[in-house]
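Colleague: only the shape, not the letters, is given here:
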């Protein structure tokens, strides 16, 4: 499999057009296209992660966070220089699926919504809307089974000599051309419009949805801790007694908190909540850190790519949270008493 083919598979989930305008998703260090030996997946393209990937024989490295957010020269012997030098020396590729991955609720960023069984999750900040169309194709003979496998086809069923195809609107011209080339010239098929059978696909940041049943706040917090693999989180704002509706955004998503609360969220889960954001919170914010939700997202992305790229070794490189919790043996407050902690 060519390296460019791996990128094509990645971009089916991390759609470049859905990324934030300020972002640097995409190719970070390019090389010549060639047969791929292995793919390595990590959260951050640190020198240690890149070295581990190259040691495993990976010639395509996929990270979530970009190498840099602003293009810069290799004029300083720092981590940026070390990573670029190592990748270039090996002739490998480094690709970042950053906000292009964050924006796909059907992809691995939606793992928390699926684990919590959130009903009818809604994107909080849309970045891209992909319309879908449905067409009925009436041909002289039986529809070809290969039409179901054409790029962009989402559903295909046959009804006698007719086929009903639902697809991405942008892909329809190419699909139509492929179908026309598939039948004899004297038996041109008829293409009839039909009511869309699939809703438009909305990409964007943050999700909000309903739990299958209400949970007491302490029970919800325990469930969140288990899923995030953390023994603690920071809580700010008014704490609800019961949680029915949940909003979240992986990474640094506190800017979307008010949008979640406006849509009825009882809590909003994210990372990197700043002091004044916490101080002025109009609803309950649960800060589980930048790392926890995104590390799990990338682990699941690696699993998905392993299934989508049979025969290609796909390695996930686990990392650790750079922010570590340290507690003295007897934590005390300014008055000499214990530091108050939320019962959750």
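Modeller: Structure received. All of these numbers come straight from a predicted model, not from anything done at the bench.
Colleague: all contacts plus neighbour counts: C-alpha atoms, from now on.
Modeller: Will do.
Colleague: would you map the helices across the chain?
Modeller: Remark: helices assigned in the chain by DSSP state H are 3-13, 47-55, 79-90, 99-102, 111-115, 172-182, 217-228, 257-262, 275-279, 290-308.
Colleague: how about the fifth one: buried residues?
Modeller: To tie it back to what came earlier, the one meant is helix 111-115. 111, 112, 113 (16 or more other C-alpha atoms under 10 Å).
Colleague: got any ranges where the stretch 201-344 of the chain has weak pLDDT?
Modeller: Within the stretch 201-344 of the chain, the segments meeting pLDDT under 70 span 330-344.
Colleague: rerun at 90
Modeller: 231-232, 324-344 (pLDDT under 90).
Colleague: likewise the stretch 51-200 of the chain?
Modeller: Scanning the stretch 51-200 of the chain with the threshold set as pLDDT under 90 gives 71, 139-144, 159-161, 181-189, 193-197.
Colleague: for the residue sitting furthest away from the middle of the chain, what are its contacts?
Modeller: Distance from the centre of the chain peaks at residue 186, with 46.6 Å (C-alpha atoms, centre = their mean). Not one residue lies near residue 186 by C-alpha atoms under 8 Å, 6 or more residues apart in numbering.
Colleague: pull up the gap between it and residue 162, please.
Modeller: 17 Å (C-alpha to C-alpha, to the nearest Å).
Colleague: number of residues surrounding residue 311?
Modeller: Counted with other C-alpha atoms under 10 Å, the neighbours of residue 311 add up to 11.
Colleague: actually residue 190, not the one I wrote
Modeller: 14.
Colleague: name the nearest residue to it, sequence neighbours excluded.
Modeller: residue 138 (5.1 Å; C-alpha to C-alpha, 6 or more residues apart in numbering).
Colleague: quick check: bridge partners of the one you found?
Modeller: On the basis of DSSP bridges, residue 138 is bridged to residue 162, residue 190.
Colleague: ok, residue 202 next?
Modeller: Beta-bridge partners, per DSSP bridges, of residue 202: residue 129.
Colleague: picking up where we left off before, my read is that the residue nearest to residue 190 contacts residue 189, right?
Modeller: Yes - assessed by C-alpha atoms under 8 Å, residue 138 is found in contact with residue 189 at 5.5 Å.
Colleague: how near is the residue farthest from the centre of the chain to residue 54?
Modeller: Residue 186 sits 56 Å away from residue 54, going by C-alpha to C-alpha.
Colleague: also residue 254?
Modeller: For residue 254, the distance to residue 54 - C-alpha to C-alpha - is 35 Å.
Colleague: so which of those two has more stuff around it?
Modeller: A count of neighbours by other C-alpha under 10 Å puts residue 254 above the other of residue 254 and residue 54, at 26 against 19.
Colleague: I'd assumed residue 272 was in contact with the more buried one.
Modeller: Yes - using C-alpha under 8 Å, residue 254 is in contact with residue 272, at 7.4 Å.
Colleague: does the closest residue to residue 314 other than its chain neighbours have beta-bridge partners, and which?
Modeller: Excluding its sequence neighbours, the residue lying closest to residue 314 (C-alpha to C-alpha, 6+ apart) is residue 39, at 4.8 Å. Beta-bridge partners recorded for residue 39 (DSSP bridges): residue 60, residue 314.
Colleague: what's the burial count for residue 312?
Modeller: Using other C-alpha under 10 Å as the criterion, residue 312 is surrounded by 16 other residues.
Colleague: for the nearest residue to it once chain neighbours are set aside, what are its contacts?
Modeller: Spatially, and ignoring its direct neighbours in sequence, residue 312 is nearest to residue 38 (5.9 Å; C-alpha to C-alpha, 6+ apart). Applying C-alpha under 8 Å, 6+ apart, we find residue 38 in contact with 56, 57, 58, 59, 60, 312, 313, 314, 315.
Colleague: could you do residue 84 as well?
Modeller: Residue 84 sits next to residue 29 when contact means C-alpha under 8 Å, 6+ apart.
Colleague: try 10 Å this time
Modeller: For residue 84, the contact set (C-alpha atoms under 10 Å, 6 or more residues apart in numbering) comprises 28, 29, 30, 45, 47, 50, 67, 74, 92, 93, 94.
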